[in-house]
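Trainee: Okay, predicted coordinates and the sequence, questions at the end:
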Amino acid sequence: MKIDHFAVSGMKLEEATEYVESTLGYKMEKGGKHKLFGTHNNLLGLKDGLYIEAIAVDPAVKNFNFSRWFNLDNFYGDPKLTNWICNCENINQCILDFDVDVGDILKIKRDKLNWKMTVKNDGLLPFNNTFPAIIEWGDKTIHPSKSLPKVDCELFHLSIYHPLVEDLRFNLKNLNDKRISFIQNNEKGIVAEFKTKKGNKILSSF
């Protein structure tokens, strides 16, 4: 299991996109629509093989009766980093290592991409949404980071804050990444620091 990408949410896609672009200093690429969840996105490919996704509810989708992923139905306020996503080779086997409910494994398609992903029925991931969503890309799917233009930006450090951080760490024992710190704190959230050509920049859920 390893870090795959980050999700930055906004009340509008334009707001989420502007937050990423103004913070990191790079222009995002046009993404697409997720029909299953009534959302749309834009993408930024990083040189370390990760990518950033700006995401929001698609206003063109009416009468949507299903909880959207990343808890977007309850998102309000300024855009911010809300989620991180990890990939694995066998998602069915991977989730057996967790003692928390990460949701159902859903099959999802967008354009030429297809993948399986854990999604909670209420859209809210464990540990107050600080736990990663888990994804398994389809065998014939080209990972977005390989098709996106890469910018001179990479993840420097990811900090996870939660009062039950040892439980969180235990559930992610198969995620061995020196860029990640688990910090015990009454406040709950995630902070990602990126190395850019203009210095280190931060996207945060706080």
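Mentor: That came in fine, so what should we check first? The structure displayed is predicted, hence computed values, not measured ones.

Trainee: from here on, contacts and neighbour counts on C-alpha atoms
Mentor: Will do.

Trainee: helix or strand right after the longest helix seen in the chain?
Mentor: In terms of residue count, the longest helix belonging to the chain (DSSP state H) is helix 13-24. Tracing the chain past helix 13-24, the next element assigned as helix or strand by DSSP states H and E is strand 29-34.

Trainee: Tell me which strands that next one pairs with, and in which orientation.
Mentor: Strand 29-34 has the following sheet partners, assigned by DSSP bridges: strand 39-46 (antiparallel).

Trainee: Any buried residues in the partner strand, and which?
Mentor: Neighbour-count burial for strand 39-46, with 16 or more other CA atoms under 10 Å as criterion, is recorded at Thr39, His40, Asn41, Asn42, Leu43, Leu44, Gly45, Leu46.

Trainee: The fourth one and Leu13, how far apart?
Mentor: This means Asn42. According to CA to CA, to the nearest Å, Asn42 and Leu13 sit 8 Å apart.

Trainee: residues shared between the contacts of these two?
Mentor: Ala54, Ile55 (CA atoms under 8 Å, 6 or more residues apart in numbering).

Trainee: now the helices: where do they sit in this structure?
Mentor: Here the chain has its helices, by DSSP H, at 13-24, 91-94, 126-129, 144-147, 165-171.

Trainee: Measure how far the longest one is from the centre of its chain, please.
Mentor: Using CA atoms, centre = their mean, to the nearest Å, the distance from the centre of helix 13-24 to the centre of the chain it belongs to is 15 Å.

Trainee: Could you list every helix and strand in contact with that helix?
Mentor: Applying 3 or more CA pairs under 8 Å, 6 or more residues apart in numbering; DSSP states H and E, one finds that helix 13-24 contacts strand 2-9, strand 39-46, strand 51-57, strand 199-204.

Trainee: 7 Å - rerun?
Mentor: Judged by 3 or more CA pairs under 7 Å, 6 or more residues apart in numbering; DSSP states H and E, helix 13-24 is in contact with strand 51-57.
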